[in-house]
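> Here is the input, now give the coordinates:
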Amino acid sequence: MSTENEGNEGNAAEAAPSVPPVPADAPQAHPEDAPPAASHADETATRQQPAAQAPDHQAAPPAPSAPDPATAQTAAYPTNPQYAPPPPPQSAADAGWPPPPPAVPAYAQGAHGSGGGPVWGPPGGTHTPEAPRKRGAGGLVAAVVVAALVAGGIGGALGYWAADRNDDAGSTTVSASANPQDLKRDPGTVAGVAAKALPSVVTIEAQGGDGEGGTGTGFVYDKEGHILTNNHVVASAADSGQLTATFSNGKKYDAEVVGRAQGYDVAVIKLKNPPQSLTPLPLGNSDKVAVGDSTIAIGAPFGLSNTVTTGIISAKNRPVASGDGNGGSNSYMSALQTDASINPGNSGGPLLSSGGAVIGINSAIQSTGSSGQSQAGSIGLGFAIPINQATNVARQLIKTGQPVYPVIGATVTMDEQSGGAVIAERGTGGTEAVTKDGPAAKAGLRAGDVITKFNDTVVDSGPTLIGEIWTHKPGDRVTLTYERDGKTATAEVTLGERKGDN
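Below is the predicted model of the structure:
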């Protein structure tokens, strides 16, 4: 049996424990100094020599001569190619110019140096210098290689000379500044919005008297130390328990519940000894949000505090009914739907616009886990309470400590397959489904009527109707479209009020 503006309870799944993130594999070293593949017969001959060839210790290769076709063919395609052993050490006088390259480049550390980093060379050991080739078909190529090495050496020397004369000649390079002030992100970027908002977001830990509790999120509502969050985040510690709020800088404060609204799933807590430097997050206008607008969510998914995710507004006015997992009253909202990643622990955290204004309170996710199973992670279907509604509730909670709900004075069924919100035959405990002299009765509504529209919004179930009613205030005039005996009619209703959750 349902009660007015409330639904039958379901068992909400509990959040699955977080799994420690697995660090990514360390990057592997890549052979960057391996010789390129030969594209010419002479190049192949330069790299592949028969083992029987003796090294030539002349200081410089002779002038190129015309290659013999047969010799070139034999050198390019040896029958049994082998790699000659390295030549014996030479004196400086015999080594010639240029000297052979080092076995390991100078910048390579890791296994061969003291830096401990990867070796930037071929795997499998140090590089073995190749034996000088015989005079013959490849002489021209060898001469070109030597010339290129000499030119490279000159270029390096000239480059050092230019750098050494930097004061006179100037430099054409630009270095990144090491000044932290120059590394600030623009205000319109996600990094800029996150940097400004994070100091005003807290991770809430609620511990009940029976030892049960959990982790959620909240954000600074005013300079007096009020924190706005979800009711289901603090419910376990509301009566007898302990609440703490930890800021992004690691400072932790004790807190207490000021007021909470189960139906709205909104709660206000207050820091017991708030710091003087509190900065409330700016509040936006959720009525002006459009589908496709960028969103930024901040929270502590699975206990991972100060997590920032991004997405867009996927839909508006999405009817959502969610339980608190403890058998208490369901909450109903006409929610903002977002695909920003939201997981257990994000609850109560701010959903921000691209400009950094709060447009909603992250409250629920659609999960693939069935009833009785642990709640799964984000599948891109997250729901937030519009901030306009949450602000109205927060003001009331701070003022009186209890919520005020607008009502139509009629009990509706929670059947989501009825094609509308059906006014029940009887109310809770056998009372009248339509309250005598209540708003619905004054408008002519009766038991059995099926409400199909609330103003211009289509109503397909009882939860949808309740969510729409609760976006308004007591005293607001609304238009209800309903069906009776196959006929459609409308009624003007002035919303009444109900105080408290009981």
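> okay, now Arg318: neighbour count?
Residues near Arg318, counting by other C-beta atoms under 10 Å, number 18. For the C-beta atoms, the positions are set from N, CA and C on the backbone; glycine is no exception.
> what does Arg426 give?
12.
> Find the nearest non-adjacent residue to it, please.
Nearest residue to Arg426, sequence neighbours excluded (C-beta to C-beta, 6 or more residues apart in numbering): Ala433, at 5.6 Å.
> quick one: contacts for that neighbour?
By C-beta atoms under 8 Å, 6 or more residues apart in numbering, the contact set of Ala433 is Ala410, Thr411, Ile423, Ala424, Glu425, Arg426, Gly427, Ala447.
> Quick one: the residues you listed as CSV, columns for pLDDT and secondary structure too.
Below are these laid out as CSV (pLDDT from 0 to 100; DSSP: H, G, I helix; E, B strand; the rest coil):
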residue, pLDDT, secondary structure
Ala410, 95, strand
Thr411, 93, coil
Ile423, 95, strand
Ala424, 93, coil
Glu425, 90, coil
Arg426, 87, strand
Gly427, 83, coil
Ala447, 94, coil
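> surely Ala410 meets Thr431?
No. In this structure, Ala410 is not within contact of Thr431 by C-beta atoms under 8 Å, at 11.3 Å.
> which one of the two has more residues nearby?
Each of Ala410 and Thr431 has its neighbours counted (other C-beta under 10 Å); Ala410 has more, 28 against 13.
> quick check, Pro463 in a helix?
Yes. Membership of Pro463 in a helix is supported by DSSP: H, G, I helix; E, B strand; the rest coil.
> Show the model's pLDDT score for it.
Here the pLDDT value assigned to Pro463 is 90.
> how close does Ala195 sit to Arg185?
6 Å (C-beta to C-beta, to the nearest Å).
> who's more crowded, these two?
Ranked by neighbour count (other C-beta under 10 Å), Ala195 and Arg185 place Ala195 first, with 16 against 13.
> Now the more buried one, what are its backbone angles?
phi -60, psi -30 (degrees, to the nearest 10).
> which residue packs closest to Phe488, ignoring adjacent ones?
You called it Phe, but residue 488 is Thr. Nearest one to Thr488, counting by C-beta to C-beta, 6+ apart, is Thr481 at 6.5 Å.
> Tell me if I'm right that the one you found and Lys453 touch.
Yes. Counting by C-beta under 8 Å, Thr481 does reach Lys453; the two are 3.7 Å apart.
> Which strands or helices does the longest strand along the chain pack on?
Longest strand in the chain by number of residues (criterion: DSSP state E): strand 307-322. Other elements packing on strand 307-322 under the criterion 3 or more C-beta pairs under 8 Å, 6 or more residues apart in numbering; DSSP states H and E are helix 190-197, strand 294-299, strand 331-338, strand 358-365, strand 382-386, helix 462-469.
> Try it again at 7 Å.
Counting contacts by 3 or more C-beta pairs under 7 Å, 6 or more residues apart in numbering; DSSP states H and E, strand 307-322 is packed against strand 294-299, strand 331-338, helix 462-469.
> Format these as TSV; extra columns: distance to Leu283.
Output for those, formatted as TSV (distance: least, C-beta to C-beta, whole Å):
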stretch	distance to Leu283
strand 294-299	15
strand 331-338	14
helix 462-469	21
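> Quick check: which of these is nearest to Ile379?
Among those, the nearest to Ile379 by C-beta to C-beta is strand 331-338 (12.3 Å).
> Quickly run through the sheet partners of the closest one, with directions.
Sheet pairing for strand 331-338, assigned by DSSP bridges, gives strand 307-322 (antiparallel), strand 382-386 (antiparallel).
> ok, and the closest non-adjacent residue to Asp293?
With C-beta to C-beta, 6+ apart as the criterion, Asp293 has its nearest non-adjacent residue at 4.7 Å, and that residue is Ile313.
> what sits against the one you found?
Val289, Ala290, Val291, Gly292, Asp293, Thr295, Leu336, Thr338 (C-beta atoms under 7 Å, 6 or more residues apart in numbering).
> Which of those residues are buried? Put it as a ChimeraX command.
In ChimeraX, selecting the buried portion of those, with burial taken from 16 or more other C-beta atoms under 10 Å, looks like this:
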select :289,293,295,336,338
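> from the contacts of Ile313, which is closest to Gly486?
Val291 (35.1 Å).
> residues contacting the closest one?
So Val291 contacts Ile313, Ser314, Ala315, Lys316 (C-beta under 7 Å, 6+ apart).
> Same question for Glu492.
Here Glu492 is in contact with Ala443, Arg477, Thr479 (criterion: C-beta under 7 Å, 6+ apart).
> And Gly225, by the same measure?
Lys270, Leu271, Pro274, Leu278.
> mind checking how far Ala315 is from Thr338?
For Ala315, the distance to Thr338 - C-beta to C-beta - is 9 Å.
> got it, and Pro282?
Pro282 sits 19 Å away from Thr338, going by C-beta to C-beta.
> Ala237 is in contact with Gln207, correct?
Yes. The pair Gln207 / Ala237 is scored as a contact, 5.8 Å apart, by C-beta atoms under 7 Å.
> where does this structure dip in pLDDT?
Within the chain, the segments meeting pLDDT under 70 span 1-183, 323-329, 368-376.
> And the helices in it?
Counting by DSSP state H, one finds helices in the chain at the ranges 41-47, 69-76, 92-95, 139-164, 166-169, 190-197, 231-234, 387-400, 439-442, 462-469.
> what helices or strands is the last one leaning on?
Other elements packing on helix 462-469 under the criterion 3+ C-beta pairs under 7 Å, 6+ apart are strand 307-322, strand 331-338, strand 421-422, strand 450-454.
> And the contacts of that helix?
In contact with helix 462-469 (C-beta under 7 Å, 6+ apart) are residues 2, 5, 7, 319-321, 332-334, 406-408, 412-416, 421, 451, 454, 457, 459, 495.
> filter those to the buried ones?
By 16+ other C-beta under 10 Å, the contacts of helix 462-469 give 2, 5, 7, 319-321, 332-334, 406-408, 412-415, 421, 451, 454, 459, 495 as buried.
> Identify all contacting residues around stretch 384-401.
Taking C-beta under 7 Å, 6+ apart as the rule, stretch 384-401 contacts 221, 226, 228, 258-261, 264-266, 268, 283-287, 333, 335-336, 338, 351, 358-363, 403-404, 470-471, 473.
> Repeat that for stretch 297-310.
18, 190, 194, 197-198, 201, 203, 215, 217, 246, 248, 294-296, 340-346, 349-351, 362.
> Report the beta-bridge partners for the closest residue to Ile227 other than its chain neighbours.
In this structure, Ile227 finds its nearest non-sequential neighbour in Gly218, 4.2 Å apart by C-beta to C-beta, 6+ apart. On the basis of DSSP bridges, Gly218 is bridged to Val202.
> was I right about Gly218 contacting Asn231?
No. Look at Gly218 against Asn231 with C-beta under 7 Å: they stay out of range, at 11.6 Å.
> Okay, now stretch 264-284: how far is its last residue from its first?
End-to-end distance of stretch 264-284 (C-alpha to C-alpha, to the nearest Å): 19 Å.
> Name the residues of it that come out as buried.
Buried residues in stretch 264-284, defined by neighbour count with 16+ other C-beta under 10 Å: 264-271, 274, 278, 281, 283-284.
> Alright, calling it a day.
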